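K.L.:
no sequence on this one, just coordinates:
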């Protein structure tokens with residue numbers, strides 16, 4: 001009996017966590033953090049025993065795919081972790097940042113609680129920096145190369161293929177024998193948008209009997225990257241020319257690098273009005289440095305721009321702000337600033353401080369270039385909130401709000417259907433990592449285009465193969 005049980009990213013976008021059981025071996029695919037409306041699940045005990053997990057196969061380093069791994073280790077996991085080398089390095093950066101944020105939040109809440117004699121009611125963080133260090137130093141990490149086959153244990157092998165989503169990302173082909181026949185399960189992870197800006201395209205999947213596929217944008221098609229860049233440039237130029245500022249909430253990995261790629265090109269072509277560009281995210285700065293070390297894995301466009309020192313995105317208008325003091329100093333820049341800061345969904349990070357100082361000014365623009373999950377501040381703003389509350393203060397939203405979906409690092413409906421149509425022997429499709437309405441629309445199109453009845457996976461649902 002082969003089973004797959006899902007403990008996250010079921011009828012929702014975040015918290016990816018799936019356990020495949022073969023021959024009494026438990027293989028976990030990702031162990032991500034919940035974000036938005038479901039984030040309280042992060043603090044709950046796992047609904048399985050971490051000691052029983054033998055292997056973790058990681059698709060990529062985003063927090064909603066790796067964010068609970070230190071918690072898993074803390075609660076008893078001692079098996080092996082498989083991830084590409086770039087994914088491992090980025091995961092370390094992301095998890096350290098996550099631990100830092102949780103601990104800072106805990107200390108702030110505890111200081112306030114002490115004054116009310118309620119400090120015992122403040123929950124301790126899910127994990128801290130020492131737990132992250134233990135995750136990487138006391139657990140065995142193995143770095144598979146793209147396209148190579150590896151034996152996981154007797155009778156089970158796997159291969160990582162480039163998903164084109166973020167640096168190091170992969171979809172995983174896992175092969176086994178059942179009743180004398182070779183079978184393959186594919187876990188898509190997050191599939192890339194194939195926009196050629198920073199990464200090469202999503203690779204083909206040659207064959208699979210069963211597919212667990214993301215469905216974030218299963219209900220729509222993205223704008224072309226050409227029209228997307230044109231729209232982005234127009235907003236930037238218009239805002240800067242009227243002496244306004246541009247605020248861009250951005251994910252530290254991939255989206256930020258795509259923006260830097262475009263802004264550098266605008267600078268080099270003389271299209272960019274005089275301005276200062278602030279990358280106000282220590283995590284994004286550290287992640288960008290990793291791209292230097294793996295520039296051979298980038299798109300042809302990016303490799304063409306690599307400098308002698310290996311850097312890809314640097315130019316003279318770009319300022320990296322590492323310290324809190326340098327971040328606060330941006331407040332003194334009254335006009336013609338482009339501020340790229342996290343978090344991407346605005347549920348924390350330095351972008352909220354910049355909102356406090358600038359979102360009330362109609363000269364300014366806020367540009368959303370990534371998915372905003374339900375329950376996040378970013379989602380509220382995108383949906384037209386007239387007021388937001390930051391640090392106990394109600395602030396009016398007067399800046400112009402723009403959403404540019406064409407930058408998405410996720411494949412759209414058309415791309416996913418085309419990708420699936422090339423897979424030989426595909427019989428079973430299971431939809432994960434998407435909101436309910438998106439999944440329903442995607443399921444309908446899959447039936448129409450591929451004549452396969454896809455199944456929407458529910459939380460803790462066990463699928464028997």
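P.N.:
Here it is on my side, so go on. For clarity, every value in this text was computed on a predicted model and none was experimentally measured.
K.L.:
from here on, just use CA atoms for contacts and neighbour counts.
P.N.:
Will do.
K.L.:
buried set for the one helix or strand residue 439 maps to?
P.N.:
Using DSSP states H and E, residue 439 maps to helix 436-450. Buried residues in helix 436-450, counting neighbours by 16 or more other CA atoms under 10 Å, are found at 436, 438-446.
K.L.:
try stretch 171-183
P.N.:
171-176, 183.
K.L.:
also stretch 25-38?
P.N.:
Buried residues in stretch 25-38, counted by 16+ other CA under 10 Å: 26-36.
K.L.:
now, these that are in strands?
P.N.:
Among those, DSSP state E puts 26-31 in strands.
K.L.:
circling back: so what secondary structure elements neighbour the helix holding residue 439?
P.N.:
Applying 3 or more CA pairs under 8 Å, 6 or more residues apart in numbering; DSSP states H and E, one finds that helix 436-450 makes contact with helix 413-421, strand 455-456.
K.L.:
just the mean pLDDT for it, thanks.
P.N.:
Confidence for helix 436-450, expressed as mean pLDDT, is 97.
K.L.:
what does it contact?
P.N.:
With CA atoms under 8 Å, 6 or more residues apart in numbering as the test, helix 436-450 has contacts from 11-12, 215-219, 413, 417, 421, 431, 452-456.
K.L.:
and which of the ones in strands among the buried residues of stretch 25-38 is nearest to residue 208?
P.N.:
For those, the closest approach to residue 208 (CA to CA) belongs to residue 29, at 16.7 Å.
K.L.:
so how far is residue 54 from that closest one?
P.N.:
Distance check for residue 29 against residue 54: by CA to CA, to the nearest Å, it reads 11 Å.
K.L.:
what's the answer for residue 31, then?
P.N.:
Distance, residue 31 to residue 54, by CA to CA: 13 Å.
K.L.:
gap between residue 16 and residue 351?
P.N.:
For residue 16, the distance to residue 351 - CA to CA - is 25 Å.
K.L.:
of those two, who's got more company?
P.N.:
residue 16 (27 against 23; other CA atoms under 10 Å).
K.L.:
local confidence estimate at the more buried one?
P.N.:
For residue 16, pLDDT reads 98.
K.L.:
that one contacts residue 433, correct?
P.N.:
Yes - contact between residue 16 and residue 433 holds when scored by CA atoms under 8 Å: they sit 7.0 Å apart.
K.L.:
so what sits against both of the two?
P.N.:
Shared contacts of residue 16 and residue 433, defined by CA under 8 Å, 6+ apart, are found at 9-10.
K.L.:
would you map the strands across the stretch 201-350 of the chain?
P.N.:
Secondary structure of the stretch 201-350 of the chain (DSSP state E, counting those that start in this stretch): strands at 210-214, 246-249, 276-279, 318-320, 337-341.
K.L.:
for residue 68, find the nearest of these.
P.N.:
Nearest to residue 68, of all those, is strand 210-214, at 19.3 Å by CA to CA.
K.L.:
that closest one packs against which elements?
P.N.:
When contacts are defined as 3+ CA pairs under 8 Å, 6+ apart, strand 210-214 packs onto strand 181-187, strand 428-432.
K.L.:
most tightly packed of the ones you listed?
P.N.:
strand 428-432 (a mean of 22; mean count of other CA atoms under 10 Å).
K.L.:
which strands and helices lie in contact with that one?
P.N.:
Looks like strand 428-432 contacts strand 210-214, strand 455-456 (3+ CA pairs under 8 Å, 6+ apart).
K.L.:
what does stretch 24-31 contact?
P.N.:
Against stretch 24-31 from outside (CA under 8 Å, 6+ apart): 15-21, 52-59, 64-69, 187.
K.L.:
now with 6 Å, please.
P.N.:
16-20, 53-58, 65-66, 68-69 (CA atoms under 6 Å, 6 or more residues apart in numbering).
K.L.:
mind checking which of the residues you listed are in helices?
P.N.:
Those of the contacts of stretch 24-31 mapping onto helices are 65-66, 69, per DSSP state H.
K.L.:
just put those in CSV and tack on neighbour count and pLDDT.
P.N.:
Formatted as CSV, the ones in helices among the contacts of stretch 24-31 follow (neighbours: other CA atoms under 10 Å; pLDDT from 0 to 100):
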residue, neighbour count, pLDDT
65, 26, 98
66, 26, 98
69, 24, 98
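K.L.:
now distance to residue 233 too, for those, in CSV please.
P.N.:
Formatted as CSV, the ones in helices among the contacts of stretch 24-31 follow (distance: CA to CA, whole Å):
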residue, distance to residue 233
65, 31
66, 33
69, 39
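K.L.:
average pLDDT across stretch 323-330?
P.N.:
95.
K.L.:
next one: stretch 38-52
P.N.:
The model assigns stretch 38-52 a mean pLDDT of 93.
K.L.:
any idea how far that stretch is from the chain center?
P.N.:
20 Å (CA atoms, centre = their mean, to the nearest Å).
K.L.:
same deal with stretch 407-423?
P.N.:
The chain centroid and the centroid of stretch 407-423 are separated by 17 Å under CA atoms, centre = their mean.
K.L.:
check the average confidence over that stretch, would you?
P.N.:
Stretch 407-423 comes out with an average pLDDT of 94.
K.L.:
buried set for that stretch?
P.N.:
Buried, per 16+ other CA under 10 Å, within stretch 407-423: 407-413, 415-417, 419-420, 423.
K.L.:
hmm, who's touching that stretch?
P.N.:
For stretch 407-423, contacts defined as CA under 6 Å, 6+ apart pick out 165, 191-193, 205-207, 217-218, 220-221, 370.
K.L.:
span of it from start to end?
P.N.:
Taking CA to CA as the measure, stretch 407-423 stretches 26 Å from start to finish.
K.L.:
do stretch 66-78 as well
P.N.:
Stretch 66-78: ends 16 Å apart by CA to CA.
K.L.:
now do the contacts for residue 68.
P.N.:
Per CA under 6 Å, 6+ apart, neighbours of residue 68: 31-33.
K.L.:
looking at these, which one is closest to residue 245?
P.N.:
Using CA to CA, these come closest to residue 245 at residue 33, 32.3 Å.
K.L.:
what pLDDT does the closest one get?
P.N.:
pLDDT, residue 33: 96.
K.L.:
name all residues that make contact with it.
P.N.:
Residue 33 makes contact with 15, 63-64, 67-68 under the criterion CA under 6 Å, 6+ apart.
K.L.:
go again with 7 Å.
P.N.:
Contacts here follow CA atoms under 7 Å, 6 or more residues apart in numbering; on that basis residue 33 touches 14-15, 42, 63-68.
K.L.:
may I see the buried residues of stretch 171-183 organised as a markdown table, with pLDDT added?
P.N.:
Shown next, in a markdown table, are those (pLDDT from 0 to 100):
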| residue | pLDDT |
| --- | --- |
| 171 | 98 |
| 172 | 98 |
| 173 | 98 |
| 174 | 98 |
| 175 | 97 |
| 176 | 96 |
| 183 | 96 |
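K.L.:
now the buried members of the contacts of stretch 407-423.
P.N.:
Judged by 16+ other CA under 10 Å, buried ones among the contacts of stretch 407-423: 165, 191-193, 205, 207, 217-218, 370.
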